[in-house]
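In: Predicted coordinates and the sequence they were generated for:
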Amino acid sequence: MIPAMLIAGTHSGVGKTTVALGLMAALHSRGLQVQPFKVGPDFIDPSHHTDVCGRVSRNLDAFMMGLDGIEKCFCRGIKDADVAIVEGVMGLYDGINSSEKASTAEVAKALRIPVLLVLDAQGMSRSAGAVEMGYTCFDSKVNIAGIILNRVGSTRHLAMLKGSIKSPILGALPKSKDIETKSRHLGLVMGFERKHDIAALSSFIEKHLDLDAILELRCNLCSDQESHEIRNPSVRIGIADDEAFCFYYRENLEELQKLGAELVLFSPIRDDLPDIDGLYIGGGYPELYVEALEKGIARKQIKKASENGMPIYGECGGLIYLSRQLVSDNARSYEMVNALPCITLMTKKLQALGYVEAQVVGSNPIVDIGKTIRGHEFHYSQVEPDKDAHFAYRIVRGKGIKNCLDGLIEQNTLGSYLHTHFYSHHIDKFIDSCKSYHRK
């Protein structure tokens with residue numbers, strides 16, 4: 001097994017993203033093939049990982065993927081890699097409803113991977129030892145292999161910390177205002193928008209972490225690789241792929257390929273709609289590029305394709321784009337695709353955040369009635385459907401569009417706030433819908 005470690009924090013904001021990203025950059029600069037992972041459903045941190053490592057970062061989410069799915073994803077991801085780095089989420093033991101479910105600790109145990117715990121040492125000396133002891137003793141099945149101290153004030157401060165912490169200290173980062181990552185309403189800016197100096201972060205981590213000791217860490221997971229045979233393409237599925245639409249789980253795209261889809265990437269901002277049998281529009285930031293989307297030639301072409309019965313699937317940002325209009329938070333209206341009977345209102349307040357579980361109750365081109373699907377929602381908008389609108393999903397956990405309903409349906413077009421992971425349900429029906437459309 002290649003070197004592997006999970007970067008966890010005692011709590012959110014402790015600096016684990018800085019450590020994880022810097023460690024990836026430092027090891028990449030040594031010439032290593034670094035495979036990044038992210039615990040949880042987040043799309044934004046993985047975009048930074050991908051940008052730094054040159055390998056697509058993969059999500060490890062126990063709620064959406066199940067423990068078997070996590071193991072399959074991890075083993076698939078490390079193929080041909082020299083080292084694996086997993087970035088945790090929130091505090092190490094924080095899960096759903098005060099449980100372990102979907103926590104960083106659950107993933108650490110499932111992968112049997114050593115944990116590097118980032119501890120914010122500002123304002124503490126001996127108390128840091130109590131924090132470290134609490135985390136290492138809370139669950140003996142979690143292998144905390146070392147501590148990385150953040151915001152250390154001085155050499156004297158570090159000496160006091162070393163006197164109270166029993167676990168190996170594999171790094172001590174001094175306070176630095178220059179090492180930070182910018183944020184906006186949905187979290188960090190995307191990797192392709194990053195403005196801070198990764199070279200400086202890499203040097204900072206190289207100087208203050210014991211990289212040689214860290215590279216000695218291994219996980220005990222069996223590294224048997226799942227066969228990833230891709231069928232000969234039988235359908236062409238368009239993937240909206242640009243700065244407005246960039247939230248996709250890697251496994252979702254791979255599952256489509258595995259089932260015989262040729263993926264055709266295009267930009268709704270700049271390109272014509274390609275010659276395809278189906279369309280997948282992921283999430284992203286359409287509200288930031290709304291003028292360009294309104295002017296884009298693909299907008300009217302997608303409307304026509306929807307009217308002709310093409311299977312179209314939109315998630316969150318895709319739902320917004322497929323709506324009739326987008327009304328910005330300053331009340332300006334923009335024409336969207338008009339494939340779904342609704343308008344979207346952008347707000348300055350977070351409208352929904354969290355995991356979603358839904359029962360499929362309405363006929364649609366993506367998943368059969370009666371199935372259960374899982375994913376998450378995170379948005380600063382409200383969708384107002386027409387009174388006679390039809391829905392595909394009844395929400396068991398989460399908020400959805402309205403009255404615990406999600407998944408607006410019109411023709412063969414489905415749009416929802418739910419970002420779903422295809423490990424939570426089979427996606428064969430989408431392929432079959434595209435084949436049926438192709439034969440027309």
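Out: Noted; the coordinates are in hand.
In: got any ranges where the stretch 301-440 of the chain has weak pLDDT?
Out: Filtered on pLDDT under 70, the stretch 301-440 of the chain yields the residue ranges 440.
In: So which residues of the stretch 151-300 of the chain form strands?
Out: Assigned by DSSP state E, counting those that start in this stretch, the strands in the stretch 151-300 of the chain fall at 169-174, 183-184, 187-188, 235-240, 245-247, 261-266, 278-281, 283-284.
In: Partner strands of the fifth one, with direction?
Out: Each strand that pairs with strand 245-247, with its direction, by DSSP bridges: strand 283-284 (antiparallel).
In: Going by length in residues, pull out the top helix of this protein.
Out: Ranked by residue count, the top helix of the chain under DSSP state H comes out as helix 62-77.
In: ok, back up a step: kindly reformat the strands of the stretch 151-300 of the chain as JSON lines and extend each row with mean neighbour count and distance to S154.
Out: The way it works is simple: take the backbone N, C-alpha and C, and place the C-beta from them, glycine included. Formatted as JSON lines, the strands of the stretch 151-300 of the chain follow (neighbours: other CB atoms under 10 Å; distance: least, CB to CB, whole Å):
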{"stretch": "strand 169-174", "mean neighbour count": "20", "distance to S154": "8"}
{"stretch": "strand 183-184", "mean neighbour count": "11", "distance to S154": "29"}
{"stretch": "strand 187-188", "mean neighbour count": "16", "distance to S154": "30"}
{"stretch": "strand 235-240", "mean neighbour count": "23", "distance to S154": "51"}
{"stretch": "strand 245-247", "mean neighbour count": "23", "distance to S154": "42"}
{"stretch": "strand 261-266", "mean neighbour count": "18", "distance to S154": "51"}
{"stretch": "strand 278-281", "mean neighbour count": "28", "distance to S154": "52"}
{"stretch": "strand 283-284", "mean neighbour count": "26", "distance to S154": "43"}
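In: Adding mean pLDDT, write the ones you listed out as a markdown table.
Out: Formatted as a markdown table, the strands of the stretch 151-300 of the chain follow (pLDDT from 0 to 100):
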| stretch | mean pLDDT |
| --- | --- |
| strand 169-174 | 96 |
| strand 183-184 | 46 |
| strand 187-188 | 48 |
| strand 235-240 | 98 |
| strand 245-247 | 96 |
| strand 261-266 | 98 |
| strand 278-281 | 98 |
| strand 283-284 | 96 |
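In: Now render those strands as TSV, adding distance to G415.
Out: Shown next, in TSV, are those (distance: least, CB to CB, whole Å):
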stretch	distance to G415
strand 169-174	44
strand 183-184	24
strand 187-188	22
strand 235-240	12
strand 245-247	13
strand 261-266	18
strand 278-281	8
strand 283-284	11
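In: so which of the ones you listed gets nearest L21?
Out: The closest of these to L21 is strand 187-188. By CB to CB, the value is 9.9 Å.
In: Tell me which residue lies farthest from the centre of the chain.
Out: Seen from the C-alpha centroid of the chain, the residue lying at the greatest distance (CA atoms, centre = their mean) is R156, 39.7 Å away.
In: re earlier: which strands or helices does the longest helix of the chain pack on?
Out: strand 34-39, strand 58-60, helix 104-111, helix 250-258, strand 372-379 (3 or more CB pairs under 8 Å, 6 or more residues apart in numbering; DSSP states H and E).
In: Between those, which one is closest to D272.
Out: The closest of the helices and strands packed on helix 62-77 to D272 is helix 250-258. By CB to CB, the value is 21.4 Å.
In: Pull out the buried residues from that closest one.
Out: Buried residues in helix 250-258, counted by 16 or more other CB atoms under 10 Å: 250-256, 258.
In: Compute the distance from the centre of that helix to the centre of its chain.
Out: 15 Å (CA atoms, centre = their mean, to the nearest Å).
In: end-to-end on stretch 163-170?
Out: Stretch 163-170 stretches 15 Å from its first residue to its last (CA to CA, to the nearest Å).
In: er, stretch 323-330 actually
Out: Start-to-end span of stretch 323-330 (CA to CA) is 18 Å.
In: same check, this time on stretch 394-411
Out: By CA to CA, one end of stretch 394-411 lies 19 Å from the other end.
In: ok, and for it, which residues are buried?
Out: 394-395, 398-402, 405-411.
In: Contacts for it, please.
Out: Applying CB atoms under 8 Å, 6 or more residues apart in numbering, the contact partners of stretch 394-411 are 306-307, 309, 319, 339-342, 351-352, 354-364, 372, 376-377, 383-385, 389-393, 414-418.
In: from the residues you listed, which would you call buried?
Out: Using 16+ other CB under 10 Å, the buried ones in those are 306, 319, 339-342, 351-352, 355-358, 360, 364, 376-377, 383-385, 389, 391-393, 414-418.
In: Sitting in helices, which of those do you find?
Out: 306, 319.
In: how about the nearest residue to I113, chain neighbours excluded?
Out: C219 (3.7 Å; CB to CB, 6 or more residues apart in numbering).
In: now G15
Out: Using CB to CB, 6+ apart, the closest residue to G15 is N150 (4.1 Å).
In: circling back to that earlier point, which other residues reach the longest helix of the chain?
Out: By CB under 8 Å, 6+ apart, helix 62-77 touches 35, 37, 41, 58-61, 84, 96, 101-103, 106-107, 110-111, 221-226, 228, 251, 355, 374-376, 420-421, 423-424.
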